[in-house]
Structures are given as C-alpha cells and as structure tokens.
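Visitor: Sequence first, then the predicted structure, then my questions.
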Amino acid sequence: MKKTDFIVVRGAGDLATGTIHRLKKAGFHLLVLEAEYPAAIRRQVALSEAVYAGSAQVEGVKAVRMDVDLTDTENRKEALWQEMERIWSKDAVPVLVDPEGVSISVLHPAVVVDAILAKKNLGTSRDMAPLTIALGPGFTAGADVDVVIETKRGHNLGRVIRSGSAVPNSGIPGIIGGYGKERVMHAKAEGILRNAASIGDIVEAGTAIAEIETENGRVPVLASLSGLLRGLIRDGYPVTKGFKIADIDPRKEELQNCFTISDKARCIAGSVLEVICGEME
C-alpha cells in the first residue's frame with residue numbers, strides 16, 4: 001500500500017468517526033459510505049450527519065455528502081472519481097449514500113474498513129480490497145476479513161486480531177460513572193421521535209427528554225437517570241420498539257464529551273491506523 005492509495009470506510013457513526021478522523025489527519029484519502037437514514041445517537045461527533053445536512057464537521061475534519069447516481073452504470077465510475085477529487089481538493093472527506101457498498105467494486109480501494117458496528121456482518125468480504133478490517137463482533141479474521149479490532153471496553157479494547165473474532169456482543173453498555181445499561185435508553189413504542197431536550201443538556205431522572213408519536217397517541221421518553229444528555233437520536237426519526245435512542249452520562253461536569261471524539265473511538269482508530277501503516281511500502 002502507498003500513501004496515494006485511498007481507503008473506504010463503511011459507516012460514519014461516532015466510533016467510525018474516530019477512525020475517519022485519525023486516518024484523515026494521517027494524510028489518507030478516504031471515501032465514507034453510509035445508509036440513507038443514519039441513526040447516530042452521538043450526532044455531534046458523527047460525520048454521518050453530512051447525509052442529512054450536506055456537510056458535517058468534527059474536531060476540524062469536515063465531511064461533505066456526494067450526490068452520484070449509482071444506478072447509472074455507464075458513467076458512475078467517472079462521476080465518483082470526479083466528486084471524490086473535488087471534495088478531496090477542499091480538504092474534506094466525501095460521504096456517499098451506499099449502504100450496499102456498490103461503489104467498492106467500481107473503485108477498487110486499497111483498504112476497506114467496516115466500521116458500521118452492527119454487531120454482525122452486513123456484507124463486507126475479504127475480496128473487496130487487498131486489506132479488509134472490521135470493527136467489533138460479527139466477523140472472523142482470516143475468513144470474513146483480514147483483521148478484526150476489538151471494540152469492547154476493558155483490557156483488550158483496540159486489540160488487533162489476525163485470527164479469530166472479537167468478543168461477542170453482550171448487549172450491556174460499558175460502565176461510565178458507575179452506570180452501565182441504565183445510561184442507555186431505548187424506545188418503548190414504535191413511532192416518530194420528537195425531541196424535548198438537546199444534546200448537552202443536564203437532565204434529571206424521570207423528566208421527559210423526548211416523546212414518541214404513535215398511532216395511539218404520544219409516549220413520553222423519560223430520563224433513566226440524572227446526568228448529561230450525551231446522545232439523542234435526531235428529531236423526526238422513525239423508531240421501532242427497543243430502538244436505541246439516547247445516552248446519558250452521569251458525570252454532569254463532562255460537557256465537552258458531547259462534542260469531542262471519545263477515548264474508546266480514539267483507541268480503536270489508533271489500532272486501525274497501526275494495521276494500515278504496517279502494510280505500507
């Protein structure tokens with residue numbers, strides 16, 4: 001691999017954004033692929049917001065949405081390259097709505113990083129690029145991808161796995177300020193989320209931070225504990241019952257954490273960079 005090669009990152013949520021930020025600051029050209037309607041909770045530090053707003057910026061790295069018709073098979077390769085180079089020339093990261101990864105087989109990147117964090121493989125395979133890296137559970141290094149990066153908090157966070165898999169998803173969030181599952185909130189009904197609070201607000205346990213418009217009325221979303229509202233899915237998003245919608249940090253004084261890349265994301269990003277640099281000529 002050479003520095004002039006480019007890297008595809010699948011996903012641009014908060015953990016993926018840590019990897020995107022690190023690779024961009026290291027001087028690599030990137031293409032980020034996202035879903036049509038990203039569902040990032042920590043939206044203030046997720047470059048996936050560029051899908052909605054046209055552009056987004058996190059700690060000095062700007063992402064810009066590309067508008068390329070992937071169904072135009074005759075012209076899409078040229079159109080993709082033109083748009084990527086236009087955005088690269090502005091020192092930004094291009095973001096393309098391409099959840100299926102159609103552009104990967106068209107563009108032939110040197111590296112594909114699956115940073116979707118879906119806890120399962122949504123279609124990434126080793127034949128997509130000379131080097132394939134996946135973050136978290138759902139992949140087997142040496143089979144699905146070349147390398148897996150451990151994403152579970154604890155002693156092995158960021159460990160580079162070249163044979164085997166990451167720790168399976170336990171469904172229990174990592175402990176922050178003494179709280180685990182209590183700090184993450186899920187929808188109790190299906191409907192449209194309407195926010196009553198904003199990321200960065202101090203909320204008290206039992207107070208409404210949002211409500212869900214359902215066919216049978218409105219269901220309030222009450223804060224599960226007192227603390228800093230670190231993450232909240234965007235207003236107007238259609239949620240299903242059990243959908244993750246909010247994240248409360250019990251450490252009320254940590255306001256800056258809402259707007260900066262987390263320690264976990266930076267640790268994972270460092271491991272991704274280590275693997276890629278290890279392949280460079």
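Guide: Alright, I've got the coordinates. Being a predicted model, the structure only gives us computed values, none of them experimental. Residues are numbered from 1 along each chain as shown.

Visitor: pLDDT of stretch 136-146, averaged?
Guide: Confidence for stretch 136-146, expressed as mean pLDDT, is 96.

Visitor: can you check stretch 200-212 too?
Guide: Mean predicted confidence for stretch 200-212 is 95.

Visitor: show me the contacts for residue 225.
Guide: 179, 182-183, 205, 248, 250 (CB atoms under 8 Å, 6 or more residues apart in numbering). Any C-beta I mention is one placed from the backbone N, CA and C, and that applies to glycine too.

Visitor: Which residue is the nearest non-sequential neighbour of it?
Guide: Leaving aside its sequence neighbours, residue 225 sits nearest to residue 205 (CB to CB, 6 or more residues apart in numbering; 5.0 Å).

Visitor: which SSE is the closest residue to residue 119 other than its chain neighbours in?
Guide: Distances taken as CB to CB, 6+ apart place residue 169 nearest to residue 119, at 4.3 Å, with adjacent residues excluded. If you go by DSSP states H and E, residue 169 is not part of any helix or strand.

Visitor: picking that back up, and of the contacts of residue 225, the nearest to residue 143?
Guide: residue 183 (34.3 Å; CB to CB).

Visitor: Could I get the pLDDT score of the closest one?
Guide: Residue 183 is given a pLDDT of 85.

Visitor: Where do the domain boundaries of this protein fall?
Guide: What automatic domain parsing lists as the domains of the chain is 6-168+262-277, 181-250.

Visitor: of all those, which lies closest to residue 256?
Guide: Using CB to CB, the domains of the chain put domain 181-250 closest to residue 256, at 9.6 Å.

Visitor: Any idea how far apart the tips of that closest one sit?
Guide: Taking CA to CA, to the nearest Å, domain 181-250 runs 12 Å from one end to the other.

Visitor: what does stretch 111-120 give?
Guide: 20 Å.

Visitor: Flag every buried residue along it.
Guide: Buried residues in stretch 111-120, counting neighbours by 16 or more other CB atoms under 10 Å, are found at 111-117.

Visitor: So what's the gap between that stretch and the chain middle?
Guide: How far stretch 111-120 lies from its chain's middle: 9 Å, per CA atoms, centre = their mean, to the nearest Å.

Visitor: Average pLDDT for it, rounded please.
Guide: 96.

Visitor: What about residue 163, how many residues nearby?
Guide: Using other CB atoms under 10 Å, residue 163 has 10 neighbouring residues.

Visitor: Was I right to think it contacts residue 145?
Guide: No: applying CB atoms under 8 Å as the test, residue 163 and residue 145 come out as separate, 11.5 Å apart.

Visitor: among the contacts of residue 225, who's most crowded?
Guide: residue 248 (27 neighbours).

Visitor: Within the helices and strands, which one has that residue?
Guide: strand 244-249.

Visitor: same for that strand, what does it pack against?
Guide: strand 184-186, strand 208-214, strand 227-232 (3 or more CB pairs under 8 Å, 6 or more residues apart in numbering; DSSP states H and E).

Visitor: my read is residue 77 is in a helix, agree?
Guide: Yes: judged by DSSP: H, G, I helix; E, B strand; the rest coil, residue 77 forms part of a helix.

Visitor: To which secondary structure element type does the nearest residue to it once chain neighbours are set aside belong?
Guide: Closest residue to residue 77 apart from its sequence neighbours, by CB to CB, 6+ apart: residue 106 at 5.1 Å. Assigned with three-state DSSP, residue 106 falls in the helix class.

Visitor: Let me see the contact set for residue 106.
Guide: 76-77, 80.

Visitor: Go through those and single out the one with the most neighbours.
Guide: residue 80 (21 neighbours).

Visitor: That one sits in which helix or strand?
Guide: helix 76-89.

Visitor: what does that helix rub up against?
Guide: Contacts for helix 76-89 (CB under 8 Å, 6+ apart): 6, 29, 31, 64, 66-70, 72, 93-94, 96, 103, 106-107.

Visitor: Could you pull out the strands in the stretch 1-150 of the chain for me?
Guide: All strands of the stretch 1-150 of the chain, identified by DSSP state E, counting those that start in this stretch, fall at 6-10, 29-34, 55-58, 61-65, 93-97, 111-114, 131-135, 140-141, 147-149.
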